[in-house]
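Asker: Quick one, structure for this:
(2 chains)
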Number of protein chains: 2
Amino acid sequence: MKVVKFGGSSLASGAQVEKVYHIVASDPERKIVVVSAPGKRYSDDIKVTDLLISCAEKYLNGADAGKLVETIIGRYKSIAEELNLSDDIIGRISDDLLSLLHGDKSNPASFIEAVKASGEDNNAKLIAAAFRHKGLDAQYVSPKEAGLLVSNDPGNAQVLPESYKRLYELKNRPGIIVFPGFFGYNTDGDVVTFSRSGSDITGSILANGVKADLYENFTDVDAVYAVNPNIVHHPKEIRELTYREMRELSYGGFSVFHDEALIPAFRAGIPVNVKNTNNPEAPGTKIVNARKNINGPVVGIASDEDFCSIYVGKYLMNKEIGFVRKILLTLEEFGLSFEHVPSGIDDITIILRQNQMDEAMEKSIVQTILRDLDADEVRVEHDLALIMLVGEGMRQKVGTAARASKALAEANINIEMINQGSSETSMMFGVKEAVEKKAVQALYEEFFTEVGVH
Amino acid sequence: MKVVKFGGSSLASGAQVEKVYHIVASDPERKIVVVSAPGKRYSDDIKVTDLLISCAEKYLNGADAGKLVETIIGRYKSIAEELNLSDDIIGRISDDLLSLLHGDKSNPASFIEAVKASGEDNNAKLIAAAFRHKGLDAQYVSPKEAGLLVSNDPGNAQVLPESYKRLYELKNRPGIIVFPGFFGYNTDGDVVTFSRSGSDITGSILANGVKADLYENFTDVDAVYAVNPNIVHHPKEIRELTYREMRELSYGGFSVFHDEALIPAFRAGIPVNVKNTNNPEAPGTKIVNARKNINGPVVGIASDEDFCSIYVGKYLMNKEIGFVRKILLTLEEFGLSFEHVPSGIDDITIILRQNQMDEAMEKSIVQTILRDLDADEVRVEHDLALIMLVGEGMRQKVGTAARASKALAEANINIEMINQGSSETSMMFGVKEAVEKKAVQALYEEFFTEVGVH
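Answerer: Presented below is the predicted three-dimensional model:
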């Protein structure tokens, strides 16, 4: 059994829903379909979710929202019309939205949550109707009825463990289940939404709940690419990726998935297949627990900028038990989170995102470390980029570090930092932001193009 | 003005003292001479300090130590006879030792300290007499009289800051000062010894105190070598080394200096010259604050074994503020000190000396991290060696990492870990102990032999 999730752009128009229908109908294993709210049809278009947020705010402020409501319902209507659905479904959606908008506003946050979530909820109803119209045995299932219970953190809900047992029951329902993404219900019965990319989370939770064989995640790209296409044109597609690799890549600026979205599927060991609604024949990228076929040592290269480093030097530092911990505690007290802490004998460097500190705070941190920790030297360096070379294959392969650092040296790039943990799933290089692109290109050349293979 | 220190092997016999005399007499800048107790004359010989410790213990236990006392005094006597000194000095040394041994034993630790330190103290008297006999204007100066005050930590005394002002006065004394190494006096007027290599510490303190131009440290090797001679035969000598480089090298198993010995000289910016008593014409190795002439990027290669790594993996680790600090705190609670903490996104590895943990403690640590920190995976790997590539030149030179990792790859050595801080004075490679020698040889070949230069 497969859980299939479609993103907003896959559901933005009747033509898109047509594609979705064919994808679902072509494989009887595709039993549970998780849907987002209708997304953009063209680049200047507005997502239904964004329209709903504006609308809820207008209602809270007592402003006129008639036009907005019309636009929202119009989005569903145009899809319905394109697919020749009867007016019933639009009437149902319209009633639902209006009763929500005119409902209880005593808790404004809760009101916004419910209106926001209606984008997915009503779209699930619409898609179920469309599937039925085309002859599929499909039904909308509400997260409330299914028992998707979440913590009461608006915009950052966490699934409650007791949900899984009830969600398992979805297996036994006949036909295809169309399930709205993005939200669940707290124990009081109120809507609470997940964080960004919340439909990915819903799909991941359902895949875990029904112990699916596969979680298919349909987007609008053919695959996850080995490197950012803005840096290297037409980069290679990644066929298979482990969870760990995906996570390392997504850290370094790859935004295929919101990090946390995959945890439920990851915990249950369910593979994820990223596919393209507009080209469903393409194999896409599979995210798995472990992969057998390791071609090269490197599966992908990610990079991200806007880092800085705080260098702390102190003679005999490594004889002082607790010194590093004290530095980290100081950073915590300033509310800073760090990425890496490469160290020498008498020095340590803390790499962190520089947007966390303004000039005054930086000064204050430097002074605190000098004073409270009696350091000899504290130095801050700005505008660093981190490049992650990711691949489980590195573990088996001698010489990956040599190839990478040679490629950078030949491109005349100075390596500010190297950090390779004993996990060997990734290797990090720190370089100046100014040479980030050049560095990524040199590494891509080395590991992904024929000429580069030595 | 120079402070000159001679180690035990440089003072083990009359012939050696003769060499020391010529070294001191040949340069009028050599004003302050710090001496150790007489060391070994041949490999099976026993150092006077070790004889004194046995002797003190026998006295404390009421055992017969007559023979031992005779042997100790015999060591000074044979030096005096070789140099044709009058009997007076041996009488003085003998009286001094016997009155110590028959003195107050109410505090046994304090008694042992005083007896131990007499090795240096009496040797300073003897050397001063020898210098005078040969026509030099030389006098013994006691640390008490000179004002070398230390903390009351037997075997690990720390110099008290107020000493420096009084020690500065030594400048104004006429002639050559012969000063015993290894100990000072606490504020109660009792002898307290420094840690291992304590004479190096005394020399370093005096160099700082009198603001010497140079601190010459005479040993029995021509220079500090670029790599351990047990791993590479006849390695290159290092001409100049910064304090920082020396420290990184000495961490990695280079035992030229006890780490802490150089702090006082380092703080005062006084260069140190390591020289050979048996070959004083050789330039030796100079340890300086900064060096101009940087030949290659690497000045030395050090390695040390008996490390282990604790790998901790947790999905979304880097979103948890304070996670790393909590791990470090756990280690501290177990009394463990660590060397490095290379990290990935969702994993961190702690490198530490494995002799700190037995099997039971290791089990307990793994369980604590799994339980208290809710980690996904904790894994301990044993028998790692750390190799340090050290050199201030790395900072300016693109491609050092490439050369190093290529050399290791060509020797078919798997790199378990790379850690290069932003200081770039050193680069660390973790490898399995079994390939440590091979790895060091490959790196030496790359950075120190002509053929290796690309």
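Asker: And the pLDDT at the nearest residue in space to residue A:182 that is not next to it in sequence?
Answerer: Take residue A:182 and drop its neighbours on the chain: the residue closest to it by Cβ to Cβ, 6 or more residues apart in numbering or on different chains is residue A:198, 3.7 Å away. Quick note: C-beta positions are derived from backbone N, CA and C, even for glycine. Listed pLDDT for residue A:198 reads 89.
Asker: so how many other residues sit close to residue A:198?
Answerer: Applying other Cβ atoms under 10 Å in any protein chain shown, we find 24 residues neighbouring residue A:198.
Asker: now do residue A:105
Answerer: 13.
Asker: Residue A:161 now?
Answerer: Neighbours of residue A:161 under the rule other Cβ under 10 Å: 8.
Asker: Please apply the same query to the one 10 residues further on.
Answerer: Around residue A:171 sit 14 other residues, with neighbours defined as other Cβ under 10 Å.
Asker: Next: residue A:249.
Answerer: Neighbours of residue A:249 using other Cβ under 10 Å come to 28.
Asker: Was I right to think residue A:100 contacts residue A:117?
Answerer: No. Counting by Cβ atoms under 8 Å, residue A:100 stays clear of residue A:117, with 9.5 Å between them.
Asker: More neighbours: these two, which one.
Answerer: With neighbours defined as other Cβ under 10 Å, residue A:100 and residue A:117 compare such that residue A:117 has more, 26 against 21.
Asker: give me every residue that touches residue A:123.
Answerer: Contacts here follow Cβ atoms under 8 Å, 6 or more residues apart in numbering or on different chains; on that basis residue A:123 touches A:11, A:35-38, A:48, A:76, A:180.
Asker: in the host helix or strand of it, what's buried?
Answerer: With elements taken from DSSP states H and E, the one containing residue A:123 is helix A:108-133. Buried residues in helix A:108-133, counted by 16 or more other Cβ atoms under 10 Å in any protein chain shown: A:110-133.
Asker: hang on, isn't the residue nearest to residue A:182 packed against residue A:180?
Answerer: No. Distance between residue A:198 and residue A:180: 10.0 Å, which falls outside the contact criterion (Cβ under 8 Å).
Asker: Domain ranges for chain A, per the record?
Answerer: Domain segmentation of chain A under automatic domain parsing yields A:2-288, A:300-452.
Asker: Among the ones you listed, show the one with the smallest mean pLDDT.
Answerer: Set side by side, these give their lowest mean pLDDT on domain A:300-452, at a mean of 87.
Asker: centre of the chain versus it, how much separation?
Answerer: Counting by Cα atoms, centre = their mean, to the nearest Å, domain A:300-452 is centred 24 Å from the centre of its parent chain.
Asker: one step back: list the contacts for the residue nearest to residue A:182?
Answerer: Counting by Cβ under 8 Å, 6+ apart, residue A:198 touches A:181-183.
Asker: Identify the residue spatially nearest to the closest residue to chain B within the stretch 251-400 of chain A, adjacent ones excluded.
Answerer: Here the residue of the stretch 251-400 of chain A nearest chain B is residue A:399; by Cβ to the nearest Cβ that distance is 3.3 Å. Counting by Cβ to Cβ, 6+ apart, residue B:409 is the residue found nearest to residue A:399 once chain neighbours are left out, at 3.3 Å.
Asker: circling back: could the contacts of residue A:198 go into JSON lines alongside neighbour count?
Answerer: What follows is those, written out as JSON lines (neighbours: other Cβ atoms under 10 Å in any protein chain shown):
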{"residue": "A:181", "neighbour count": "32"}
{"residue": "A:182", "neighbour count": "28"}
{"residue": "A:183", "neighbour count": "27"}
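Asker: quick one: which of these sit in strands?
Answerer: The strands, defined by DSSP state E, take in residue A:183 from these.
Asker: So which residues on the stretch 101-250 of chain A come close to chain B?
Answerer: With Cβ under 8 Å from any Cβ of the partner chain as the criterion, the stretch 101-250 of chain A meets chain B at residues A:243-244, A:247-248.
Asker: top of these by neighbour count?
Answerer: residue A:248 (29 neighbours).
Asker: that's a helix at that one, yeah?
Answerer: Yes. The assignment for residue A:248 is a helix, going by DSSP: H, G, I helix; E, B strand; the rest coil.
Asker: For residue A:99, see how far away it is.
Answerer: 46 Å (Cβ to Cβ, to the nearest Å).
Asker: And for residue A:321?
Answerer: Look at residue A:321 and residue A:99: by Cβ to Cβ, they are 64 Å apart.
Asker: Which one of those two is surrounded by more residues?
Answerer: The neighbour comparison of residue A:321 against residue A:99 (other Cβ under 10 Å) goes to residue A:321, with 14 against 9.
Asker: you'd agree the more buried one is up against residue B:332?
Answerer: Yes. Between residue A:321 and residue B:332 there is a contact at 6.2 Å, judged by Cβ under 8 Å.
Asker: Rebuild the contacts of residue A:198 as CSV, extending it with distance to residue B:377.
Answerer: Converted to CSV, the contacts of residue A:198 look like this (distance: Cβ to Cβ, whole Å):
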residue, distance to residue B:377
A:181, 30
A:182, 31
A:183, 32
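Asker: give the contact list for residue A:70.
Answerer: Neighbour list for residue A:70: empty [criterion: Cβ under 8 Å, 6+ apart].
Asker: which residue ranges form the strands in the stretch 151-300 of chain A?
Answerer: Assigned strands in the stretch 151-300 of chain A, in chain order: A:176-180, A:183-185, A:191-193, A:214-219, A:224-225, A:237-238, A:240-242, A:272-276, A:285-288, A:300-313 (criterion: DSSP state E, counting those that start in this stretch).
Asker: For the fourth one, give me every contacting residue.
Answerer: Meaning strand A:214-219. Residues outside strand A:214-219 that contact it (Cβ under 8 Å, 6+ apart): A:2-7, A:9-10, A:20, A:23, A:29-30, A:200, A:203-204, A:207, A:256-257, A:265, A:270-277, A:280.
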